[in-house]
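# Dropping a prediction and its sequence here:
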Amino acid sequence: MNSLRRMLDVLDLFRPDQSVVDVEVICRQLGYAPATAYRYIRELCAVGLLVRLPGGYALGPRVIQLDLQMREYDPMLADSRELMEELGEETGLNVLLSELYGNSVITVHHHPGRDPEPLRFGRGRPMALLRSATARVVLAHLPPRQLRRLYDEHAQEADMQRLGKTWKDFSRAMLEIRRSGYCLSKGDLDPDKAGLAAPIFDERKRILGSITAVGSLERVQAFNEDYLANRLRDVAGEITQRISQRASA
């Protein structure tokens, strides 16, 4: 399993400023021996996750195949899409479905709103757990031990300082999010946008992700906060219920 994880770490090297990698890049950035890098490349190419190009290796067509599979058949998305569309049409806000992914949250579906400006963090872009309502409502529902570890690792960062300068203050902020059932943020990712998010759970009440309504400050502030929060909680609750029913079917 450790070898598999190390091989899949090669895929994390791809980013906007590095769309092609080679053995030298893999060895330098991951610390692998050349023989190991060549072996991982060979295996990833064999299953279509990498493809060879003149300048090195790029993500392969299997990634697109998996993306299509998720878009069309992912159970969480299937349980959410209709509700997201209804909320988006009702409010004119962007509606995001996001999932917990390691120490980040990544948006897996985006129903666009009526604001003309694009979102900086739309589908496919991971967000740190400390930033935005989308991520913080997930952060607040992590197990206590994991929450404490994240605090200890990031206690001196500016995003953490905004949530609490001590563990006690931070814990109190997370408790408040859990009690209210939603999180509101303004200008965390885009200075002129605000969002409200509510948590989504699995059948055992473990946090899976969140649903967020986000738009321009003007559009969000046109709504009564309690009304919008109630709508988000209702939608998140319905998604959670559908996921639980699927698990027990």
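In hand now; what should we look at?

# List the residues that contact the closest residue to L232 other than its chain neighbours.
Residue nearest to L232 in three dimensions, not counting chain neighbours: A198, with 4.0 Å by Cβ to Cβ, 6 or more residues apart in numbering. No exception for glycine: its C-beta is placed from N, CA and C like everyone else's. A198 makes contacts with V137, G181, Y182, C183, S210, I211, A229, L232, R233, V235, A236, G237, as judged by Cβ atoms under 8 Å, 6 or more residues apart in numbering.

# what does the model give A198 for pLDDT?
Here the pLDDT value assigned to A198 is 97.

# tell me which element it falls in.
Secondary structure from DSSP states H and E places A198 in strand 193-201.

# Buried residues of that strand, list them for me.
Neighbour-count burial for strand 193-201 flags K193, A194, G195, L196, A197, A198, P199, I200, F201 (criterion: 16 or more other Cβ atoms under 10 Å).

# That strand pairs with which strands, and in what direction?
Using DSSP bridges, strand 193-201 pairs in its sheet with strand 183-186 (antiparallel), strand 207-216 (antiparallel).

# what residues does the shortest one touch?
Same thing as strand 183-186. For strand 183-186, using Cβ under 8 Å, 6+ apart, the contacting residues are 132-133, 136-137, 140, 177, 193-198, 217, 225, 229.

# switch to 6 Å and redo it
S132, A133, R136, V137, I177, A194, G195, L196, A197 (Cβ atoms under 6 Å, 6 or more residues apart in numbering).

# Quick check: which element contains the residue most central in space within the chain?
Residue closest to the average C-alpha location in the chain (Cα atoms, centre = their mean): I106, at 1.8 Å. Following DSSP H and E, one finds I106 within strand 104-111.
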